[in-house]
Structure formats: structure tokens, C-alpha cells
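**Student:** Please work out how this folds:
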Amino acid sequence: MKRSIFVSAALAFALAACSLAACSTDASKAAAPAEPAKAEDSHANAGFKPGSYEDWCGEHQVPESQCTRCNPDLIAAFKATNDWCAEHGLPESQCLKCNPELKITRPPKPGAH
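**Tutor:** This next block holds a predicted model:
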């Protein structure tokens, strides 16, 4: 199971590197007045490195490069690797309802110990 999650995550990272999420490039957000971003509502800036601290969807608490709710184009890759929870509409590797013990953590900031 852990191997399939790792393979799924690696595939999702690779796909995300090729096609960046729609929610992080939303033109309407760019035109809005600058307001301090709330941690729970923030998204990765364009050009982030998948797997880095900046690769984080604060709204959904998963890596931005794997966020199927912000980038539905990633869904096919998760389904292709049998990492999909049809009941809840997100990757099984991110489904806290089916896997309450699951811990999805943001990578540490560079230079943090």
C-alpha cells in the first residue's frame, strides 16, 4: 500500500511539473487588491518546485502539485494508479475520511531544522 502511495505521489508530481494548477494562475485573483493571504486559503505561486515548502495548497492542506480539487487534470493520473476514492472524489492517499490516521504534512521551510 505504501509503495503504491509513493508511486502515485511521484506520478502526480511529474504530471504537475508539466501542467500547473488552474487555481494558482487564476487571473481574477491577480487583479484583486493585495491582501495578506491566510495560511488556510493560500496557494502555491507559479514556478514552485514540486515537493518543496512552496508546493502547498493551504486551502485543501495537500501539496499544490497533487491537489485534484484545484487542478482536476490530475484526477486521471491518480485513477490510473488506483489511488482514487470514488466515494469522496479525491485521491485515496489524501482521503482523511477513509484513512483518519493519514498525516499529510507540508515540507519544512528551507533552512528550518
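**Student:** And the helices in this structure, which stretches?
**Tutor:** Counting by DSSP state H, the chain has helices at residues 2-18, 27-31, 75-80.
**Student:** rank the ones you listed by mean pLDDT and give me the bottom one.
**Tutor:** The minimum mean pLDDT among the helices of the chain belongs to helix 27-31 (a mean of 41).
**Student:** The closest residue to Ile75 other than its chain neighbours and Gly58, how far apart?
**Tutor:** What sits nearest to Ile75 in space, not counting adjacent residues and going by C-beta to C-beta, 6 or more residues apart in numbering, is Thr68, at 5.1 Å. Yep, even glycine has a C-beta here, placed from its N, CA and C like the rest. Computed as C-beta to C-beta, to the nearest Å, the Thr68 to Gly58 distance reads 16 Å.
**Student:** which of those two has more neighbours?
**Tutor:** Thr68 (22 against 16; other C-beta atoms under 10 Å).
**Student:** In terms of pLDDT, where does Lys38 sit?
**Tutor:** On the pLDDT scale, Lys38 gets 52.
**Student:** Also the one 4 residues further on?
**Tutor:** The pLDDT attached to Ser42 in the predicted structure is 81.
**Student:** mind starting the numbering at 38 from now?
**Tutor:** Happy to do that; since the first residue is 38 now, the last one works out to Ser79.
**Student:** Settle this for me: it is touching His97, isn't it.
**Tutor:** No - if you go by C-beta atoms under 8 Å, Ser79 and His97 don't touch, sitting 10.9 Å apart.
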